[in-house]
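Novice: Provide a 3D model corresponding to the input given below.
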Amino acid sequence: MTSIKGLKKIALVGGGPAALYLYKYLCETGIEELEITIFEKNAQLGAGMPYSYDGARIEHITNVSDNEIPELVTPIKEWIRTASPELLQRFDMNPAIFDVYKVVPRLLFGIYLEDQFSLLQDAALKKGIITINILNTLVKDIVDNPSAEQVTVLTSMNITYTFNTVIICTGHHWPREKELTCVNWYDSPYPPDKLAQRINFPVAIRGSALTAIDAVRTLARGNGIFLKNEDNSLAYQLSKNSSDFRLVLHSIGGMLPSIRFHVEYPQASPGDMITEDEAYKIKSSNNGFIPLDMIFERNFLQPLRQQDDAFYEKVKDLTLEEFVDYMMTFRKNIDAFQLFKAEYKEAEKSIRRHQSIAWKERLSALSYAMNYPAKHLAAEDMIRLKEILMPLISIVIAFVPQSSCRELIALHEAGILTLISVDRQSKVRPMEKGGAMYIYTDETGAKHETYYRMFVEAIGQPHFMIDNFPFNGLNEKGTVSGAYLYFKEKENALAELAAGNNLVKVDNAGMYYLTVPGISINDHFQVLDKFGSYNHRVYMMAVPHIGGLNPDYSGLDFCETAAKRIANAIRDHNRHFSVKL
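Specialist: Next comes the predicted model:
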């Protein structure tokens with residue numbers, strides 16, 4: 001092998017939106033002699049699961065609009081003008097009246113992302129960057145070879161490839177386990193074609209957020225039609241052969257998600273993020289941790305003061321727990337569908353007037369900004385984050401599109417869609433005859449065991465512990481390690497143990513820590529071994545395997561910011577070291 005200064009062979013494992021932004025920023029690093037290989041299990045680059053037939057049908061809509069999408073090559077509004085008449089007709093799009101504040105069909109958005117990938121590759125070719133697309137190919141394993149400064153990728157065709165750097169960006173993953181053996185049990189709504197059925201009985205859905213709404217939109221279309229009223233609202237009419245069709249959502253606390261509104265600052269500002277220097281100073285003053293309360297003050301309360309001083313005055317003296325209780329109590333005291341209808345009207349007014357709902361926008365920004373300092377939280381704060389703050393955030397930042405709202409309201413008013421509040425200890429058990437038994441305690445304390453002939457799991461992307469890490473070559477050789485956070489106080493760890501938290505462990509030095517889903521990564525998304533040493537050859541931004549240290553890990557904003565951090569880290573390493581080939 002020869003040594004050529006500056007030559008860099010990089011592999012992107014996964015070719016969805018994360019890879020799209022990685023590719024964009026890698027091509028902007030200025031690295032000479034750059035060769036990028038993209039492995040994608042399907043035939044389409046850019047779309048990933050959410051924006052392809054793996055995750056959408058014609059009825060599924062994005063929950064971000066053109067003005068909220070991090071910059072690519074061309075905005076959707078410009079791209080739509082160049083689309084073929086056949087494509088425009090298929091998705092009922094009119095370029096002349098396209099509104100940058102409106103959402104679009106997810107499948108159309110996937111085609112847009114695919115086209116953006118193609119345009120980026122055309123521009124890269126002019127720069128002398130070599131791109132190799134390996135489509136319809138599943139990566140079977142990845143092995144790091146430190147002595148050779150190389151990483152080997154093995155495909156399902158038993159072909160091996162060698163690179164200087166590998167970035168894992170495989171995106172969403174929805175396991176199929178029980179649904180392979182249990183009739184009418186679905187481990188997720190994806191791919192959604194499997195739910196396009198004629199059904200004449202009630203269906204249980206666990207969850208009430210965007211994943212559940214995907215299931216609702218598909219199941220509803222298989223068993224009836226939506227009719228438009230004069231006031232632009234919808235009515236739902238059951239098919240004759242589906243007279244007993246019903247949809248029953250099951251939600252902890254019996255809540256529905258919030259609705260899309262006008263966002264004043266759709267793109268995250270650099271000031272939203274805690275810089276590495278700032279993080280170092282904060283940790284130095286707080287025993288090595290970044291306090292959650294400091295993040296809440298910095299990234300929610302203070303920006304809220306600038307955007308909505310009146311609301312700030314109401315909540316400024318509340319602790320994080322008191323604020324969440326204040327907002328949740330309001331939601332709990334109103335019927336879920338009554339609140340849903342009221343928030344729909346509020347959101348419509350917000351969009352029509354181009355006026356934000358400040359506290360919701362600031363909470364969304366907080367969710368985004370805390371992704372990176374989250375890995376520097378104490379275990380106590382991570383527990384607070386997941387058990388207290390994230391339930392509110394997950395409701396508020398769902399940003400349900402208006403068309404989905406109108407459909408849910410129509411289904412509810414037709415008596416087809418209902419919502420049941422279940423407890424955190426609720427269980428769903430598959431039945432030999434098919435379907436599932438839903439076991440839960442309601443808000444009055446009454447216990448229920450209800451049989452459903454069909455069950456759909458729809459609580460969102462599952463988080464995987466390191467035991468479920470898909471690339472054995474990295475796990476078995478110790479290249480990656482399980483994610484964890486240390487406790488600030490031993491007493492808190494012992495209290496968690498006493499409460500039955502089996503994720504609390506103790507190391508050889510007697511220090512207590514909390515194991516969390518996924519693997520350990522640093523702020524540059526470089527994987528860490530069990531000694532905490534980073535690996536400059538292997539990067540991880542696959543969402544199911546970093547959720548423990550990145551609580552809000554999805555969305556194009558996340559893809560863009562993470563991609564920029566990774567590209568900059570690779571660029572900086574390349575500036576200082578020659579790479580062996």
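Novice: C-terminal to the helix or strand hosting Gly518, what's the next element?
Specialist: Per DSSP states H and E: Gly518 is located in strand 512-519. If you walk from strand 512-519 toward the C-terminus, the next helix or strand you reach (DSSP H and E) is strand 526-528.
Novice: which strands and helices lie in contact with that following strand?
Specialist: strand 534-540 (3 or more C-beta pairs under 8 Å, 6 or more residues apart in numbering; DSSP states H and E). Quick note: C-beta positions are derived from backbone N, CA and C, even for glycine.
Novice: in the helix or strand that the strand it packs on is followed by, what counts as buried?
Specialist: Note on strand 534-540: by DSSP H and E, the next helix or strand toward the C-terminus is helix 556-576. Using 16 or more other C-beta atoms under 10 Å as the test for burial, helix 556-576 gives 556-567, 569-571, 573-574.
Novice: just checking, what packs against helix 556-576?
Specialist: Using 3+ C-beta pairs under 8 Å, 6+ apart, helix 556-576 sits against strand 8-13, helix 17-27, helix 358-369, strand 534-540.
Novice: what mean pLDDT does the longest one get?
Specialist: When you say that, I think you mean helix 358-369. Throughout helix 358-369, pLDDT has a mean value of 92.
Novice: give the other helices and strands that the next helix or strand after that helix contacts.
Specialist: Remark: after helix 358-369, the chain's next helix or strand is helix 379-384, criterion DSSP H and E. Applying 3+ C-beta pairs under 8 Å, 6+ apart, one finds that helix 379-384 contacts strand 482-486, helix 490-498, strand 512-519.
Novice: determine which of the ones you listed approaches Lys530 most closely.
Specialist: Distance to Lys530, taken as C-beta to C-beta, is lowest for strand 482-486 among the helices and strands packed on helix 379-384, at 8.4 Å.
Novice: now the angle from that closest one to helix 490-498?
Specialist: 130 degrees (axes from the mean of the first three to the mean of the last three C-alpha atoms, to 10 degrees).
Novice: partner strands of strand 482-486, parallel or antiparallel?
Specialist: Sheet pairing for strand 482-486, assigned by DSSP bridges, gives strand 512-519 (antiparallel).
Novice: among the helices and strands packed on helix 556-576, which is nearest Val396?
Specialist: Per C-beta to C-beta, nearest to Val396 of the helices and strands packed on helix 556-576: helix 358-369, 5.1 Å.
Novice: and the contacts of the closest one?
Specialist: Residues lying outside helix 358-369 but in contact with it, judged by C-beta atoms under 8 Å, 6 or more residues apart in numbering, are 258, 261, 263-265, 268, 272-274, 295-296, 299-300, 303-304, 307-308, 311, 315, 392-393, 396-397, 399, 551-552, 555, 557-558, 561.
Novice: among these, which ones are in strands?
Specialist: Of these, none are assigned to strands by DSSP state E.
Novice: list only buried entries from these.
Specialist: 258, 261, 263, 268, 272-274, 295-296, 299-300, 303-304, 307-308, 392-393, 396-397, 399, 551-552, 555, 557-558, 561.
Novice: where are the low-confidence patches of this protein?
Specialist: 1-7, 267-268, 270, 553-554, 576-581 (pLDDT under 70).
Novice: got the domain ranges for it?
Specialist: As given by automatic domain parsing, the domain ranges for the chain are 8-48+115-173+520-576, 178-257+400-457, 270-396, 484-513.
Novice: so which of these is the most packed in?
Specialist: Greatest average neighbour count among the domains of the chain goes to domain 8-48+115-173+520-576 (a mean of 20), per mean count of other C-beta atoms under 10 Å.
Novice: chain neighbours aside, what residue packs nearest to Ile259?
Specialist: Ala347 (4.2 Å; C-beta to C-beta, 6 or more residues apart in numbering).
Novice: checking Met255 next. Helix, strand or coil?
Specialist: Following DSSP: H, G, I helix; E, B strand; the rest coil, the label given to Met255 is coil.
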